[in-house]
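Q: Could you work out the structure for the sequence below:
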Amino acid sequence: MQFFASNIKKELADMQQKFDAAMQNNQDWERFAKQFYKYLQSRIHVPTYERFEDYIKYAYSYNSTVYSIINRRASVAKSLQWLVYRVKNKQKQRQYKALGTKDFNLKTAIELKNSGLEEVEGTELNELLENPNAYESWAAIIETMMIYRDTTGNSYLYMVFNPATRKPIGLHILPGDKTRIVGGTYLEPILGYRLDEVTQEILPKENILHWKYPNPQWTPDGRSLYGMPPLKAAARVIAGDNAAVDAQLHAFINEGVKGIITGTQHTDIDFTQEQGERLKKSWEKNKGPKAKNDVAFNRAPLNWLKIGETPVDLGALQARSMNKEDICAIFRVHPALISNEASTLNNMDNAIKSLVTQSVIPDVNDFRDLLNSQFTYHFGEEYYIDYDLMAIPELQEDLEKLSRTLQGMDWVTANEKRTATQYDRYEDMAADRLYQNTGQIPLGMDFDTSFDNIPEL
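A: The predicted structure follows:
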């Protein structure tokens, strides 16, 4: 057994070595790589444009709007139920993967999925998803991967391999703000990964699944190998929103002098200390303790001179409302989901459905395809992992509409209707027949009137 396992390991290593050699000896790749990674430094961290940890510290952890949006997206992704399938029709599988979310059609998606895939249980891949590691569930991994990608633009999944079969047996999250790409040569840009400020040991690139946002900020030192944080585009908006919250908080805690009660004549004659204190005490007694320090007094016929602005006067609250919409737009989230204003139930339902179909599902599909590209290599092309469409609550309304539509389609068999709604087929052959009237007479069969059995008189 040990001899067999060592042979498998050697064959896999030889295959990888041949592939790497083919890439490095390819003239087209060399011509491209010399220009694209010209200034990459071997065994040195690939530089970044910014400090990724700042997006976590000053945006996700510091701004309630950013936290609400990212956490809501991650919670939806976490709630998806993942299953393992066996590919039975590659063409239908490709068509299913190619379905877009803009004009998502549940009926088409279910039909293609049922035609191309069938659920399986008890495989090594099932076991990996059920027990990715000793301290986290697969749902928790999905949630954390979403949060790191939305904040830093990058999330990393470390795969632990079985030394004999070279199949993943464990999955672990790496911190998106502390993981750094280690540069190689221009022919092999990524040598591996390293945990910044933790260790100098290089983690092999084969063990890392790097999920990132696209990064158009290209430079020949390899910085585009990192994903671009979406919060980068909203950095000034978030900074302004933080400042508005700070101004509002400071105004409540330490209001200061809002104005001066003064006059138009004899302003050079001030109150004595005793007169001023007596007048202030009288003012506070009549107006209440919250008025403390918001006025000052001067002798003479009284007049009010305003010298301070409230958060409302400064437009801080209005600015915050506009900031929320900008941040929501970054993540394709409807502002009604985090609005303090009353919304109709219909608007909220549409906003929640949009969150699922337009914001979360496209990103989850991207992660699903990345996972399958890795798992196909290790477990075989016959396996495919995907989330269960039927288990998404926000799509249940579409399922009900589909059921009502199918109910009136008398040109569709019972088994075709069950397949379209992801139910098991009936074994009875009658479920594969079409019927021509409400009496459910199978097409092509004569109606027996029993007249033939009446004896002639």
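
Q: Over to the nearest residue to E394 once chain neighbours are set aside. Which of the three states is it?
A: Of all residues not flanking E394 in the chain, V356 sits nearest, at 4.3 Å (CB to CB, 6 or more residues apart in numbering). All C-beta spots, glycine's among them, are computed from the backbone N, C-alpha and C. Following DSSP: H, G, I helix; E, B strand; the rest coil, the label given to V356 is helix.

Q: Let me see the contact set for V356.
A: Listed by CB atoms under 8 Å, 6 or more residues apart in numbering, the contact set of V356 reads 76, 392, 394-395.

Q: Show me where the stretch 201-350 of the chain has its helices.
A: Assigned by DSSP state H, counting those that start in this stretch, the helices in the stretch 201-350 of the chain fall at 230-233, 235-253, 273-287, 316-330, 345-354.

Q: Can you flag the weakest of those by average pLDDT?
A: The stretch with the lowest mean pLDDT among these is helix 273-287, at a mean of 72.

Q: quick one: which of the contacts of V356 is nearest D150?
A: Closest approach between the contacts of V356 and D150, by CB to CB: V76, at 12.2 Å.

Q: ok so L40 is a helix residue?
A: No - under the criterion used here (three-state DSSP), L40 is coil, not part of a helix.

Q: quick one: it from K97, how far?
A: To K97, L40 is 33 Å away according to CB to CB, to the nearest Å.

Q: Comparing the two, which residue is more hemmed in?
A: Remark: of L40 and K97, L40 carries more neighbours, 24 against 16, as counted by other CB atoms under 10 Å.

Q: Look up how far I385 lies from that one.
A: Remark: distance between L40 and I385 (CB to CB) = 34 Å.

Q: got it, and Y156?
A: To I385, Y156 is 19 Å away according to CB to CB.

Q: next one: T65
A: Here T65 is placed at a distance of 33 Å from I385 (CB to CB).

Q: what does A134 give?
A: For A134, the distance to I385 - CB to CB - is 21 Å.

Q: just checking, L128 touches N162?
A: No - L128 is beyond contact range of N162, at 10.5 Å (criterion: CB atoms under 8 Å).

Q: more neighbours, A134 and I385?
A: It is I385, of A134 and I385, that has more neighbours when counted by other CB under 10 Å, with 19 against 7.

Q: rewinding a little: ok, so of the contacts of V356, who is nearest R223?
A: Nearest to R223 among these, with distances taken as CB to CB, is V76, at 31.1 Å.

Q: What strand or helix carries the closest one?
A: V76 is part of helix 64-79 when elements are defined by DSSP states H and E.

Q: ok, residues contacting the helix or strand just after that helix?
A: Proceeding N to C from helix 64-79, the next assigned helix or strand is strand 82-87, under DSSP H and E. Outside of strand 82-87, the residues within contact range by CB under 8 Å, 6+ apart are 93, 116-121, 123, 125-126, 129, 138, 142, 381-388.

Q: now do 6 Å
A: 93, 117-120, 123, 125-126, 129, 382, 384-385, 387-388 (CB atoms under 6 Å, 6 or more residues apart in numbering).

Q: Over to stretch 194-214?
A: When contacts are defined by CB under 6 Å, 6+ apart, stretch 194-214 is touched by residues 149, 153-159, 178, 180, 182, 190, 192-193, 227-228, 367, 370, 374.

Q: Next step: those residues restricted to helices.
A: Using DSSP state H, the subset of the contacts of stretch 194-214 located in helices is 149, 367, 370, 374.

Q: Give me the PyMOL select line for those residues, limited to the buried ones.
A: Selecting only the buried entries of the ones in helices among the contacts of stretch 194-214 in PyMOL, with 16 or more other CB atoms under 10 Å as the criterion:
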select buried, resi 149+367
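
Q: With respect to L337, which of the ones in helices among the contacts of stretch 194-214 is nearest?
A: Lowest distance from L337 to those (CB to CB) belongs to R149, with 19.7 Å.

Q: before we move on, back to that, find residues that contact each of L128 and N162.
A: Contacts common to L128 and N162, judged by CB under 6 Å, 6+ apart, are absent.

Q: Settle it for me: which of those two has more neighbours?
A: Comparing L128 with N162 by other CB under 10 Å, the one with more neighbours is L128, at 22 against 14.

Q: Could you find the closest non-adjacent residue to the more buried one?
A: That would be P168: by CB to CB, 6+ apart, it lies 6.0 Å from L128.

Q: That neighbour - how many residues pack around it?
A: By other CB under 10 Å, the residues close to P168 number 22.

Q: dump the residue contacts of it.
A: Counting by CB under 6 Å, 6+ apart, P168 touches 159, 161, 378.

Q: S75 versus the residue nearest to E394, what's the distance?
A: V356 is 11 Å from S75, by CB to CB.

Q: and G170, what helix or strand is that in?
A: According to DSSP H and E, G170 maps onto strand 168-174.

Q: From the contact counts, what lies against the helix holding V76?
A: Applying 3 or more CB pairs under 6 Å, 6 or more residues apart in numbering; DSSP states H and E, we find helix 64-79 packed against helix 138-152.

Q: now the contacts of V356 in a markdown table, with secondary structure, pLDDT and distance to Y186?
A: A markdown table is the format used below for the contacts of V356 (DSSP: H, G, I helix; E, B strand; the rest coil; pLDDT from 0 to 100; distance: CB to CB, whole Å):
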| residue | secondary structure | pLDDT | distance to Y186 |
| --- | --- | --- | --- |
| V76 | helix | 95 | 41 |
| I392 | coil | 84 | 44 |
| E394 | helix | 72 | 46 |
| L395 | helix | 73 | 47 |
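
Q: ok, back up a step: and the helices of the stretch 201-350 of the chain, which is most packed in?
A: With neighbours defined as mean count of other CB atoms under 10 Å, the helices of the stretch 201-350 of the chain peak in mean count at helix 230-233, which reaches a mean of 20.

Q: contacts for that helix?
A: Contact with helix 230-233 is made by 55, 59, 330, as judged by CB under 6 Å, 6+ apart.

Q: which of the residues you listed lies closest to R278?
A: Of these, the one sitting nearest to R278 (CB to CB) turns out to be A59, at 50.4 Å.

Q: Please name the residues that touch R223.
A: Contacts of R223 (CB under 6 Å, 6+ apart): P47.

Q: can you do 10 Å?
A: 39-40, 46-49, 181, 215, 217 (CB atoms under 10 Å, 6 or more residues apart in numbering).
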